[in-house]
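**Q** Could you look at this predicted model? Sequence included:
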Amino acid sequence: MSFSTEAKNELARIDNPNQKADIAELSAIIRQAGSIQFAGNMKMSLKITTELNSIARKIFKLLKTYSRNGGSKIIG
């Protein structure tokens, strides 16, 4: 396993002390690995690509915790 993979897995296991740190982490992940896609009828989707399951689990956890879920869906 490469050093970067080990480091990412270790960072994914860290629980942040507060909501601001969680949102900052999610924002950084989206900025680095995310893209926004626009479709007709005012639809928008966020696509995040990662190779590591630990990062994907962290993203799902943060999105479930902090999304307002006003008609949005999380698809895995």
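**A** That came in fine, so what should we check first?
**Q** SS state for I36?
**A** strand (DSSP: H, G, I helix; E, B strand; the rest coil).
**Q** contact partners of the lowest-mean-pLDDT helix or strand in the chain?
**A** Ranking every helix and strand in the chain by mean pLDDT, DSSP states H and E puts strand 43-48 at the bottom, with a mean of 86. Residues from elsewhere that reach strand 43-48 (Cβ atoms under 8 Å, 6 or more residues apart in numbering): 29-30, 33-39, 59. Glycine gets a C-beta too; all of them are placed from N, C-alpha and C.
**Q** M1: which of those is nearest?
**A** A33 (19.4 Å; Cβ to Cβ).
**Q** Could you give the number of residues near that closest one?
**A** Residue crowding around A33 was assessed by other Cβ atoms under 10 Å; the count is 14.
**Q** just A12 next, same as before
**A** Residues near A12, counting by other Cβ under 10 Å, number 19.
**Q** Also F60?
**A** Residues near F60, counting by other Cβ under 10 Å: 13.
**Q** how near is it to N41?
**A** When distance is defined by Cβ to Cβ, to the nearest Å, F60 is 26 Å away from N41.
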